[in-house]
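In: I'd like to go over a predicted model; first the sequence, then the structure.
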Amino acid sequence: MASAAAAKKKTNKKNSSREGQFRHALDTCSKSGDLAGALALYETAVAEDLRLSAYHFNSLLHILSSSIETLGDEASTRSVVDAGSRIFDAMVAAGIAPNEATVTSMARIAARRPDGGGDLAFDLVRTMGEKYGATPRLRTYGPALFAFCQGSEAEKAYDVENHMVSTGVVPEEQEIAALLEVSAKVGREEKVYEYLHRLRSNVRYVTAATAEILERWFRSKLAAEVGSSNWDTGRVKDAILKNGGGWHGLGWLGKGTWEVNRANVNADGRCISCGQQLACVDIDQSKTKKFAESVASLAMEREAMSNFKKFQDWLDDHDSYDAIIDGANVALYQQNFADGGFSLSQLDAVVGELSKRFENTWPLVILHNRRVQALMENPYNRQLLVTWKSKGALYTTPSGSNDDWYWLYAAVRLGCWLVTNDEMRDHIFELLGRSFFPKWKERHQVRYNFAKGNLTLVMPPPYSTVIQECETGSWHVPLDDKCDDERLQTWICITRHESHQASCKADLTGHSIQTITESQDLPTIPAKCANNSNSKRAGRVIGKRKERPSTF
């Protein structure tokens with residue numbers, strides 16, 4: 001009995017040692033990309049009846065998937081595809097469930113099969129949930145999608161994308177660009193338009209590879225033929241306004257050859273090549289409404305409902321503000337010194353500057369009631385606060401409330417500027433999600449500083465560095481050229497000759513362009529933000545802070 005137990009222990013130790021040696025050798029092959037060595041190891045393990053783990057199978061498939069793309073001949077590729085299938089089948093037969101990484105590696109291998117590779121890869125992805133309980137990721141879909149796109153099998157590529165979306169996986173630039181390219185190859189101009197808008201909504205800049213795909217399309221014969229020569233300009237303008245500016249989404253406009261150039265945009269947002277004024281792009285009206293409702297809903301969960309509802313009702317009757325000021329943020333700016341405190345003079349400087357900027361229209365200051373009560377003890381402060389109150393320029397939030405909800409809701413609800421240096425990154429703002437809140441901040445947040453007592457307001461930029469579709473049908477696409485200076489940012493300017501001649505006349509030598517149509521009268525962003533593209537409101541505004549006494 002003791003002898004049998006000793007023999008079993010010796011056998012287990014030997015097997016453990018062999019498995020350890022196998023893993024070490026396999027890791028070495030993985031690090032060096034040794035495909036032949038990995039396959040030889042696998043054949044040895046099978047011959048010796050070595051028990052392989054999930055780690056071993058995944059490592060083998062990873063090595064094969066990483067190496068197969070470098071193979072130059074069809075015979076070698078087919079051999080590796082067959083080997084990958086054997087290894088994958090052996091894994092399943094051993095009772096080891098493939099995970100997402102396993103299926104991704106196998107899909108990459110299968111997709112390289114010269115005939116039907118995309119179908120094999122897609123079948124793996126479609127059935128992985130039912131068969132193995134694994135959830136696909138973006139990388140899992142890539143092999144099938146790219147195989148279909150490279151093989152000009154557009155309909156199958158669209159099927160992959162539809163399945164991807166149905167599982168909650170969002171395609172990114174590389175996938176969208178591939179879909180756009182295959183659509184162009186097979187003459188599906190409506191799909192090219194659809195995927196161009198997908199790029200617009202998903203990426204800020206395009207890579208060099210995507211830029212080349214776009215340039216090839218717009219220089220093609222088919223691109224010159226598609227489009228409407230007559231369209232309802234009013235409908236186009238309305239669509240742009242509704243969408244928040246920068247695109248209409250109504251299809252190709254114009255006829256004839258496209259002019260495709262790489263150009264810069266001047267500081268005011270005007271394209272140096274064609275003279276088109278780029279838009280300040282905001283979130284669309286429906287999303288803005290939902291955003292305001294979301295802020296209100298979250299606020300009423302955390303505030304006394306009656307207090308916030310009272311503010312909403314008040315704001316409905318006072319909805320003409322061009323700017324909302326986070327009063328505490330401004331007044332406490334750089335006040336962490338011995339005599340520092342709550343600087344009402346800083347707040348007054350911002351109020352005065354905005355009032356002048358908006359032609360004597362008062363901004364709205366949001367301050368907590370506790371702050372106001374303390375400030376009222378000083379006669380001068382009291383006079384200033386009473387003046388603001390009489391002008392409708394001050395709203396005091398009730399005791400126990402968080403004034404963040406009030407100034408944020410007001411700015412979103414009215415679609416106006418929000419003056420604050422608050423980065424809005426804490427848990428309150430995380431609740432709003434990351435889909436369009438950063439975009440909203442970029443278009444509406446006005447920052448400030450008081451360098452040596454001088455107020456500087458830093459307004460949002462006069463235009464958005466995003467893919468834009470003009471009301472005349474032209475396009476402007478920013479390239480990801482890692483440029484920190486917006487003036488040097490490279491754009492692809494895409495216009496039709498006829499539309500360009502009809503829409504503007506450019507003096508390219510002096511970069512001075514005179515618009516001779518009504519296209520620039522289009523309010524390309526919601527009313528309050530539309531003036532963002534007006535040089536009167538864009539850029540940096542400098543004023544002098546008045547030194548006035550304060551109780552803090």
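Out: Here it is on my side, so go on.

In: for Leu394, give its distance to Asp348.
Out: Using C-beta to C-beta, to the nearest Å, Leu394 is found at 12 Å from Asp348. From N, CA and C alone the C-beta is placed, and that goes for glycine too.

In: and Lys310, by the same measure?
Out: Note on Lys310: its distance to Asp348, by C-beta to C-beta, is 27 Å.

In: neighbour count winner among the two?
Out: Using other C-beta atoms under 10 Å as the criterion, Lys310 and Asp348 rank with Asp348 on top: 21 against 12.

In: helix or strand for that one, just tell me which one.
Out: helix 344-357 (DSSP states H and E).

In: quick one: list the elements packing against the one helix or strand Thr127 maps to.
Out: Thr127 is part of helix 117-132 when elements are defined by DSSP H and E. Counting contacts by 3 or more C-beta pairs under 8 Å, 6 or more residues apart in numbering; DSSP states H and E, helix 117-132 packs against helix 100-110, helix 138-150, helix 154-166.

In: contacts for the first one, please.
Out: With contact meaning C-beta atoms under 8 Å, 6 or more residues apart in numbering, helix 100-110 is reached by 54, 57-58, 61-62, 64-65, 68-69, 80-81, 84-85, 88, 91, 98, 117, 120-121, 124-125, 128, 132, 134-137, 139-140, 142-144.

In: which among those residues end up buried?
Out: Neighbour counting by 16 or more other C-beta atoms under 10 Å classes 57-58, 61-62, 64-65, 68, 80-81, 84, 88, 91, 98, 117, 120-121, 124-125, 128, 132, 134, 136-137, 140, 142-144 among the contacts of helix 100-110 as buried.

In: which parts of the stretch 251-400 of the chain are strands?
Out: For the stretch 251-400 of the chain, the strands defined by DSSP state E, counting those that start in this stretch occupy 258-263, 323-326, 364-368, 394-397.

In: what's the average pLDDT for the longest one?
Out: Spelled out, that is strand 258-263. What strand 258-263 shows for mean pLDDT is 96.

In: tell me the strands beside it, with direction?
Out: Take DSSP bridges as the rule and strand 258-263 pairs in its sheet with strand 491-496 (antiparallel).

In: now the helix or strand harbouring Asp82, how far from the centre of its chain.
Out: Remark: Asp82 resides in helix 74-93, with elements defined by DSSP H and E. Offset of helix 74-93 from its chain centre (C-alpha atoms, centre = their mean, to the nearest Å): 39 Å.

In: okay, now the nearest residue to Arg219 once chain neighbours are set aside: neighbour count?
Out: Excluding its sequence neighbours, the residue lying closest to Arg219 (C-beta to C-beta, 6 or more residues apart in numbering) is Val260, at 5.7 Å. A count of nearby residues for Val260, using other C-beta under 10 Å, gives 19.

In: same question, Val203
Out: 19.

In: equivalent analysis for Lys221, please.
Out: 7.

In: same deal with the one 4 residues further on?
Out: In terms of burial, Glu225 registers 12 neighbours under the definition other C-beta under 10 Å.

In: so who does it touch?
Out: Counted by C-beta under 8 Å, 6+ apart, Glu225 has contacts Lys255.

In: phi, psi for it please.
Out: phi -90, psi -20 (degrees, to the nearest 10).

In: any idea how far Lys391 is from it?
Out: Glu225 sits at a distance of 59 Å from Lys391 (criterion: C-beta to C-beta).

In: so where is the stretch 401-550 of the chain shaky, pLDDT-wise?
Out: 426-435, 498-550 (pLDDT under 70).

In: neighbours around Arg413, how many?
Out: Arg413 has 20 neighbours, counted by other C-beta under 10 Å.

In: which element is it on?
Out: Counting by DSSP H and E, Arg413 is found in helix 403-414.

In: list the contacts of that helix.
Out: Helix 403-414 is contacted from outside by 288, 291-292, 295-296, 298-299, 302-303, 308, 311-312, 315, 319, 321, 324-328, 364, 366-368, 395, 397, 416-418, 420, 422, 424, 428-429, 440, 444, 528, using C-beta under 8 Å, 6+ apart.

In: what does stretch 303-320 give?
Out: In contact with stretch 303-320 (C-beta under 8 Å, 6+ apart) are residues 296, 299-300, 361, 364, 392, 395, 397-398, 400-402, 405-406, 409-410, 413-414.

In: pull out the buried members of these.
Out: Buried subset of the contacts of stretch 303-320 (neighbour count, 16+ other C-beta under 10 Å): 296, 299-300, 364, 395, 397-398, 401, 405-406, 409-410, 413-414.

In: now do the same contact list for Ala331.
Out: Contacts of Ala331 by C-beta under 8 Å, 6+ apart are Phe342, Ser343, Leu344, Gln346, Leu347, Arg371, Phe552.

In: and the two most separated of these?
Out: Greatest spatial distance in the contacts of Ala331: Gln346 and Arg371, 13.4 Å, computed using C-beta to C-beta.

In: between these two, point out the one with more neighbours.
Out: Gln346 (24 against 20).

In: the more buried one contacts Val330, doesn't it?
Out: Yes - at 5.6 Å, Gln346 counts as touching Val330 under the criterion of C-beta atoms under 8 Å.

In: tell me where the model's unsure across the chain.
Out: Looking at the chain by pLDDT under 70, you get 1-16, 337-340, 426-435, 498-552.

In: give me the domain ranges for it.
Out: 24-164, 231-282+464-535, 285-460 (automatic domain parsing).

In: nearest to Glu175, of these?
Out: domain 24-164 (6.0 Å).

In: how far does that closest one stretch from start to finish?
Out: One end of domain 24-164 sits 37 Å from the other (C-alpha to C-alpha, to the nearest Å).

In: from the chain's centroid, how far away is it?
Out: 31 Å.

In: what's near enough to touch Pro210?
Out: Just to correct that, residue 210 is Thr rather than Pro. Counting by C-beta under 8 Å, 6+ apart, Thr210 has contacts Glu173, Ala177, Leu199.

In: put together CSV for those residues, with secondary structure, distance to Asn454 and neighbour count on each row.
Out: Output for the contacts of Thr210, formatted as CSV (DSSP: H, G, I helix; E, B strand; the rest coil; distance: C-beta to C-beta, whole Å; neighbours: other C-beta atoms under 10 Å):
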residue, secondary structure, distance to Asn454, neighbour count
Glu173, helix, 43, 18
Ala177, helix, 47, 25
Leu199, helix, 42, 20
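
In: and those residues, which is closest to Ile467?
Out: Using C-beta to C-beta, Leu199 is the member of these that lies nearest Ile467, at 6.0 Å.

In: contact partners for the nearest residue to the closest one once chain neighbours are set aside?
Out: Leaving out its chain neighbours, the residue that sits closest to Leu199 by C-beta to C-beta, 6+ apart is Ile176, at 5.4 Å. For Ile176, the contact set (C-beta under 8 Å, 6+ apart) comprises Tyr195, Arg198, Leu199, Asn202, Val203.

In: gap between Ile176 and Val182?
Out: 11 Å.

In: do you have the helices of the stretch 251-400 of the chain handy? List them.
Out: Using DSSP state H, counting those that start in this stretch, the helices of the stretch 251-400 of the chain run over residues 285-302, 305-317, 327-331, 344-357, 369-375, 379-390.

In: go on, the stretch 401-550 of the chain?
Out: Applying DSSP H, counting those that start in this stretch to the stretch 401-550 of the chain gives helices spanning 403-414, 427-430, 437-444, 497-503, 527-530.
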